[in-house]
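Asker: Build the 3D model from these lines:
(one chain, ligands or ions: 2)
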Amino acid sequence: MHVSDCIFCKVVSGEIPASVVASDDECVAFDDISPQAPVHILIVPREHIDSMDKATGSHGPLIGNLMLKAAEIARQRGFADDGYRIVVNTNGDGGQTVFHIHVHLLAGRPFVFPPG
Ligand code: AMP
Ligand code: ZN
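Answerer: Ligands and ions are numbered 1, 2, ... in the order given. Model prediction:
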């Protein structure tokens, strides 16, 4: 379902331009507009889900596929062996700012743990 005031629904529909790096019938992957690492890609489902907090059992395969897409992009782009970080910020303390569920794929530098 397209949510009219959602930035990522607009990216999915093409209403807002993005640097798309991969796309299939379930998801779209594009460069983050404010990259926090040399590689910073967002993987978003075409279906609008607000956040992990709103995901239910029926979303399991879709959310799993977002992770698998991140791993596939990492292999295709050649940084899988060096490593990468997958992040899903959720609600306020999690640092979520866009309420259309998305996976951050970060790579190209080492990452500390725990994150800040
Ligand atoms: P989060 O804080 O986890 O909700 O992540 C939202 C991310 O979306 C941030 O890293 C933003 O830089 C990114 N972002 C916001 N608007 C756009 C856009 N139009 N195109 C690409 N990335 C965006
Ligand atoms: Zn949306």
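Asker: Neighbouring strands of the lengthiest strand in the chain in the sheet, and parallel or not?
Answerer: Identified as the longest strand of the chain according to DSSP state E is strand 39-45. Strand 39-45 pairs in its sheet with strand 27-31 (antiparallel), strand 103-107 (antiparallel), by DSSP bridges.
Asker: Any idea which of the ones you listed gets closest to ligand 2?
Answerer: Of all these, strand 27-31 sits nearest to ligand 2, with 11.1 Å by C-beta to the ion. From N, CA and C alone the C-beta is placed, and that goes for glycine too.
Asker: Which positions in that closest one come out as buried?
Answerer: Using 16 or more other C-beta atoms under 10 Å as the test for burial, strand 27-31 gives 27-30.
Asker: Need the strands paired with strand 39-45 in CSV (columns: mean pLDDT).
Answerer: Listed next are the strands paired with strand 39-45 as CSV, based on pLDDT from 0 to 100:
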stretch, mean pLDDT
strand 27-31, 98
strand 103-107, 98
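Asker: Need those in a markdown table (columns: distance to ligand 1).
Answerer: As requested, these are exported to a markdown table (distance: least, C-beta to the nearest ligand atom, whole Å):
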| stretch | distance to ligand 1 |
| --- | --- |
| strand 27-31 | 6 |
| strand 103-107 | 6 |
